[in-house]
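A.B. asks: pasting the structure only:
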């Protein structure tokens, strides 16, 4: 009986955690960085002017901030990106303008938007919506821009859709740097799945804020969405999604990594994130401890019940004789 219970629990856990297990197990297949940007590629060349007059990737730079007053710690990095991408349309999304955009273009999401427990969740979500709607490049405010990424090099592939993500540890992609064509199906999947992940995670927002943010709208959410999108493609790697290694972006951007929303729980999980084996070890230990506790409780309940059966049987017999 206990063996059947244990097997049922293990199967339920494997089924529930299958997306995360797949992320770790197939990370190289799905998210292995395969793109390099030629160092001699130049921006503003005649090639761009003549052959890419209607580029697949819109020349729009998106960034987010609570309001139009840029904090001093971000002033220099924001200025560097505006100067580096001076030929791009610049769209700064504040709390107010982001909500106005959502209520106008994606009104079905307003209730979830207002229900987020943390401002960073809205900052995460808006970047998927605006990239889906407009396309372009998104950069976190703590990103220092060194020189313009040669978009014309990224647009040489076939097909109407293209998205570039930055790899992260222990698996998947991050959402502090994203480039995409407008209406990319991966971003369509992201915006459509945000309500589901909101419902799944909102009950434990206060218990584990970092995990809640990561899963509901952050990099883990994005990685799961991109994973599902890639697994639905005819073959891998897909020409519609490419992943780049952070060092490859070194000549173009510098990540200052302020991570203003990270707290103690975040630092603990990030430490674990750089050591993938700890996830499997912790999972195995947690599973064994959980099964032991469940088995102990079941045995205790069973033993208590069996002890009471004779007295209950005797009481029934006595009541019949009376």
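C.D. replies: Nice, thanks for sending it over. None of these values were measured; they are calculated from a predicted model.
A.B. asks: can you tell me how far the residue lying closest to residue 83 once chain neighbours are set aside sits from residue 122?
C.D. replies: Spatial nearest neighbour of residue 83, excluding adjacent residues (CB to CB, 6 or more residues apart in numbering): residue 145 at 7.6 Å. C-beta here means a position set from N, CA and C on the backbone, and glycine is covered the same way. Taking CB to CB, to the nearest Å as the measure, residue 145 and residue 122 are separated by 24 Å.
A.B. asks: Following element in sequence after the worst-scoring helix or strand of the chain on mean pLDDT, please.
C.D. replies: Using mean pLDDT, DSSP states H and E, the weakest-scoring helix or strand in the chain turns out to be helix 46-51, at a mean of 43. Next along the chain after helix 46-51, taking DSSP states H and E as the criterion, comes strand 60-64.
A.B. asks: Pairing partners for that following strand, with directions?
C.D. replies: When pairing is defined by DSSP bridges, strand 60-64 lines up against strand 89-93 (parallel), strand 136-139 (parallel).
A.B. asks: tell me the most buried of these?
C.D. replies: Highest mean neighbour count of the strands paired with strand 60-64: strand 136-139, a mean of 23 (counted as mean count of other CB atoms under 10 Å).
A.B. asks: could you point out which element follows the longest strand seen in the chain?
C.D. replies: Scanning the chain for the longest strand, with DSSP state E as the assignment, gives strand 173-180. Later in the chain than strand 173-180, the nearest helix or strand by DSSP H and E is helix 185-201.
A.B. asks: Now do that next one: which elements does it pack against?
C.D. replies: When contacts are defined as 3 or more CB pairs under 8 Å, 6 or more residues apart in numbering; DSSP states H and E, helix 185-201 sits against helix 110-115, helix 119-134, helix 209-216, helix 219-231.
A.B. asks: quick one: which of these is nearest residue 179?
C.D. replies: helix 119-134 (8.6 Å; CB to CB).
A.B. asks: and that closest one with helix 209-216, angle?
C.D. replies: 20 degrees (axes from the mean of the first three to the mean of the last three CA atoms, to 10 degrees).
A.B. asks: And stretch 246-259, what's buried?
C.D. replies: Using 16 or more other CB atoms under 10 Å as the test for burial, stretch 246-259 gives 249, 252, 253, 255.
A.B. asks: can I assume the first one is in contact with residue 177?
C.D. replies: Meaning residue 249. Yes. Using CB atoms under 8 Å, residue 249 is in contact with residue 177, at 7.1 Å.
A.B. asks: what's the burial count for residue 158?
C.D. replies: 8 (other CB atoms under 10 Å).
A.B. asks: oh, I was asking about residue 72
C.D. replies: 7.
A.B. asks: again, but for residue 214
C.D. replies: Residue 214 has 20 neighbouring residues, counting by other CB under 10 Å.
A.B. asks: repeat for residue 100
C.D. replies: Count around residue 100 with other CB under 10 Å applied: 12.
A.B. asks: Give me the phi and psi for it.
C.D. replies: The phi and psi values for residue 100, taken as degrees, to the nearest 10, are phi -60, psi -40.
A.B. asks: where does it land on pLDDT?
C.D. replies: For residue 100, the model assigns a pLDDT of 98.
A.B. asks: picking up where we left off before, same list, the buried residues of stretch 246-259, but as TSV with distance to residue 155 please.
C.D. replies: Shown next, in TSV, are the buried residues of stretch 246-259 (distance: CB to CB, whole Å):
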residue	distance to residue 155
249	17
252	16
253	19
255	24
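A.B. asks: Please produce CSV containing these, extended by pLDDT and distance to residue 158.
C.D. replies: Formatted as CSV, the buried residues of stretch 246-259 follow (pLDDT from 0 to 100; distance: CB to CB, whole Å):
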residue, pLDDT, distance to residue 158
249, 96, 24
252, 97, 24
253, 97, 27
255, 92, 30
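A.B. asks: re the thing from before, could the strands paired with strand 60-64 go into JSON lines alongside mean pLDDT and distance to residue 240?
C.D. replies: Below are the strands paired with strand 60-64 laid out as JSON lines (pLDDT from 0 to 100; distance: least, CB to CB, whole Å):
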{"stretch": "strand 89-93", "mean pLDDT": "98", "distance to residue 240": "24"}
{"stretch": "strand 136-139", "mean pLDDT": "98", "distance to residue 240": "17"}
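A.B. asks: of these, which approaches residue 166 most closely?
C.D. replies: Nearest of those (CB to CB): strand 136-139, 10.6 Å.
A.B. asks: if we look at that closest one, which residues are touching it?
C.D. replies: Strand 136-139 is contacted from outside by 57-63, 81, 85, 88-89, 91, 127, 130-131, 145, 149, 175-180, 182, 253, using CB atoms under 8 Å, 6 or more residues apart in numbering.
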